[in-house]
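[1] have a look; sequence and predicted model below, questions after that.
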Amino acid sequence: MLASIATATLRGVVGQPVAVEVHVSNGLPGFTVVGLPDASCREARDRVRAAVLSSGLAWPLRRITVNLAPSGLRKEGAALDLAIAIGVLVADGTLPATAVDGLGALGELGLDGSVRPISGALPLTDAVAAPEVAVPVDNAHEAGLLGRRRVHPVSSLLELVLVLSGEREWPEGPPAPVCVASPSAPDLADVRGQAVARRALEIAAAGGHHLLLVGPPGAGKTMLARRLPGLLPDLSPDTALDVTRIHSAAGIPLPGGGLVCRPPFRAPHHGASAVSLVGGGSSTMRPGEVSAAHGGVLFLDEMGEFSPTALDGLRQPLEEGRIRVARAAGTVELPARVLLVGATNPCPCGELGRPGACRCSPTARLRYARRLSGPLLDRFDLRVHVARPSAHDLFTAPPGERSEVVARRVARARVLAAGRGVRLNAALDAAALDEFASLRRDPQALRVVEAAVTDGRLSARGIQRVRAVARTIADLDDQTGVTAQHLAQALQFRIEPLATGEEYGDGR
């Protein structure tokens, strides 16, 4: 007898529909799985057999052939276990064929017959070619976020068999998805002093401009970066679903409400490999940190210690907001629209700029500076030196503005950018900048830019980026036009990031 059950497999962050076809015939007892299964799929035959027997059901002592269609698509993971088990029981006659009409199944089986949670439940459920889907109880809320399938939570194989045989009703489905308030982000008022860096943080949040913080250890670079998500508005509904889909596929725990509503903050260790940053893998195609930070902040602390190859792999996604990962197993395209914040020391010892404190030789400084390539540095619209705060700033000066106050200005600036037809000012192209940040209307503004180009501080690409930053500064100041003052301020946020000693004085 033949049975077919709808299920899905994960490819990147997108589910691919799969049909589990099971054929039970006379012959020597055996269990064969075909259709390009990976190791975990091939091992399903042992898990399924043990789960069926542990559930008190009879295992057919006949020849069983399972085909995972389409046969040209590689199948990954253990999410197909439940569909294979139900297919075997239908093909053997234990369950009627009509019981699975319009039903798909997702879930990993334990040897005791329990249905265990899986990674990627959201995109997998969306891909199942059936109006109803049986999923593990722990994944039910996540699987129902899109609302395109009727989700049935099941805790064990036996429970599902009893429901399909008509002896029990379906368990109650998950409630409607809601956004649950996430814990409060650290407040910007905790940062003492650092007026320039705080201003740069506000500009980065308002315009989507990538930010590089350069300074000695203990200056507050990490403290500043961790307060950036608190300046950003909630994710839009479409972006929230995209981020939730990515986190689901990557196995990142979702918030209590199931839906990721706040911009994520990802801070990988500086020993992270290129694959962990951009995504991919040898057999499975999983999203990397740049995709996990989609819609939020990717913070690279100790950026000078990252592998140059790993850092240069970020150049394309920073420009396009998407990353295409090509491996022998195939090619996937992953969302990767992030706000990049880098933090690095000015030299290997971090003390460059303090007279007599730096222990680095000129050669060591040059080697350290070369770890960040020119094309990557060119992606940072804002580059700021962060000095250690003074004793007055730490103990006497009043606290700065709170995050909620700055966030309101950021929200207003983003609304103005949306009125120009872009999500953020960082996305303004040359034609839009000629309209909204024109240099011809103010001769003094034109002279400021011309002087920077003559001095070699700006390239043609740099001119466009400085104008975009100036447009954001003008929006934060509630100014309709871009003035010479706005451009001069934008140029001040474009320092040489890593010095060889001349910018600070030798320091030795």
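    Received it, and whenever you're ready, just let me know what you need.
[2] what about residue 375, how many neighbours?
    10 (other C-beta atoms under 10 Å). All C-beta spots, glycine's among them, are computed from the backbone N, C-alpha and C.
[3] report pLDDT for residue 316.
    With respect to pLDDT, residue 316 scores 88.
[4] also the one 4 residues further on?
    The model reports residue 320 with a pLDDT of 89.
[5] also residue 187?
    Residue 187 is given a pLDDT of 90.
[6] output the one helix or strand residue 239 maps to as CSV, restricted to C-alpha atoms.
    Using DSSP states H and E, residue 239 maps to helix 237-250. Taking C-alpha atoms only, helix 237-250 is exported to CSV below (Å, rounded to 0.1, in the frame of the first residue of the first chain):
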residue,chain,number,x,y,z
PRO,A,237,5.5,43.9,11.1
ASP,A,238,7.2,42.5,7.9
THR,A,239,10.7,42.9,9.4
ALA,A,240,9.6,41.3,12.7
LEU,A,241,8.4,38.3,10.8
ASP,A,242,11.6,38.1,8.8
VAL,A,243,13.8,38.4,11.9
THR,A,244,11.6,35.7,13.7
ARG,A,245,12.0,33.4,10.7
ILE,A,246,15.8,33.9,10.7
HIS,A,247,16.1,33.2,14.5
SER,A,248,13.8,30.2,14.2
ALA,A,249,16.0,28.7,11.4
ALA,A,250,19.2,29.5,13.3
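[7] quick one: low-confidence residue ranges for the chain.
    Within the chain, the segments meeting pLDDT under 70 span 174-183, 257, 282-283, 328-329, 496-508.
[8] apply 80 and report the result again.
    Counting by pLDDT under 80, the chain shows low-confidence ranges at 173-185, 256-258, 280-285, 326-330, 353-356, 440-442, 455-460, 495-508.
[9] show me how it divides into domains.
    The record assigns the chain these domain ranges, following automatic domain parsing: 2-164, 188-417.
[10] centre of the chain to the last one, how far?
    The reference is to domain 188-417. Centre-to-centre, domain 188-417 and its host chain are 12 Å apart (C-alpha atoms, centre = their mean, to the nearest Å).
[11] pull out the buried residues from the helix holding residue 239.
    For helix 237-250, burial by neighbour count (16 or more other C-beta atoms under 10 Å) applies to 239, 240, 241, 242, 243, 244, 245, 246, 247, 248, 249, 250.
[12] thought the second one was touching residue 258?
    Okay, so that is residue 240. No: using C-beta atoms under 8 Å, residue 240 makes no contact with residue 258, being 10.4 Å away.
[13] after the helix holding residue 239, next one along is what?
    strand 265-266.
[14] and that next one, which strands flank it?
    strand 297-300 (parallel) (DSSP bridges).
[15] list the contacts of residue 384.
    196, 197, 200, 211, 212, 213, 214, 493, 495 (C-beta atoms under 8 Å, 6 or more residues apart in numbering).
[16] residues near the first one, how many?
    The reference is to residue 196. 14.
[17] report the buried residues of the helix or strand hosting it.
    Assessed by DSSP H and E, residue 196 sits inside helix 195-207. By neighbour count on 16+ other C-beta under 10 Å, the buried set for helix 195-207 is 197, 198, 199, 200, 201, 202, 203, 204, 205, 206, 207.
[18] and of the residues you listed, the nearest to residue 439?
    residue 207 (18.0 Å; C-beta to C-beta).
[19] which residue packs closest to the closest one, ignoring adjacent ones?
    Distance criterion C-beta to C-beta, 6 or more residues apart in numbering; nearest residue to residue 207, sequence neighbours excluded, is residue 472 at 3.3 Å.
[20] whichever helix or strand that neighbour is part of vs helix 195-207, what angle?
    Using DSSP H and E, residue 472 falls within helix 460-476. Between the axes of helix 460-476 and helix 195-207, defined by axes from the mean of the first three to the mean of the last three C-alpha atoms, to 10 degrees, the angle is 90 degrees.
[21] and helix 460-476, how far out from the chain's middle?
    Worked out by C-alpha atoms, centre = their mean, helix 460-476 lies 26 Å from the chain centre.
[22] who touches it?
    Here helix 460-476 has contacts from 202-203, 206-207, 209, 378, 381-382, 409-410, 412-413, 416-417, 425-426, 428, 430, 433, 436-437, 439, 449, 452-453, 458, 480-483, 486-487, 489-491, 493-494, using C-beta under 8 Å, 6+ apart.
[23] tell me the SS of residue 167?
    coil (DSSP: H, G, I helix; E, B strand; the rest coil).
[24] now it: phi and psi?
    phi -90, psi -10 (degrees, to the nearest 10).
[25] next, count neighbours for it.
    8.
[26] separation between it and residue 160?
    The gap separating residue 167 from residue 160 is 11 Å, by C-beta to C-beta, to the nearest Å.
[27] and the helix holding residue 239, what does it pack against?
    Using 3 or more C-beta pairs under 8 Å, 6 or more residues apart in numbering; DSSP states H and E, the elements in contact with helix 237-250 are helix 121-127, strand 286-287, helix 289-292, strand 330-335.
[28] reformat these as a markdown table; add mean neighbour count and distance to residue 86.
    A markdown table is the format used below for the helices and strands packed on helix 237-250 (neighbours: other C-beta atoms under 10 Å; distance: least, C-beta to C-beta, whole Å):
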| stretch | mean neighbour count | distance to residue 86 |
| --- | --- | --- |
| helix 121-127 | 25 | 16 |
| strand 286-287 | 26 | 27 |
| helix 289-292 | 26 | 33 |
| strand 330-335 | 17 | 28 |
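[29] for those, give me JSON lines that also has distance to residue 347.
    As requested, the helices and strands packed on helix 237-250 are arranged in JSON lines below (distance: least, C-beta to C-beta, whole Å):
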{"stretch": "helix 121-127", "distance to residue 347": "45"}
{"stretch": "strand 286-287", "distance to residue 347": "34"}
{"stretch": "helix 289-292", "distance to residue 347": "26"}
{"stretch": "strand 330-335", "distance to residue 347": "35"}
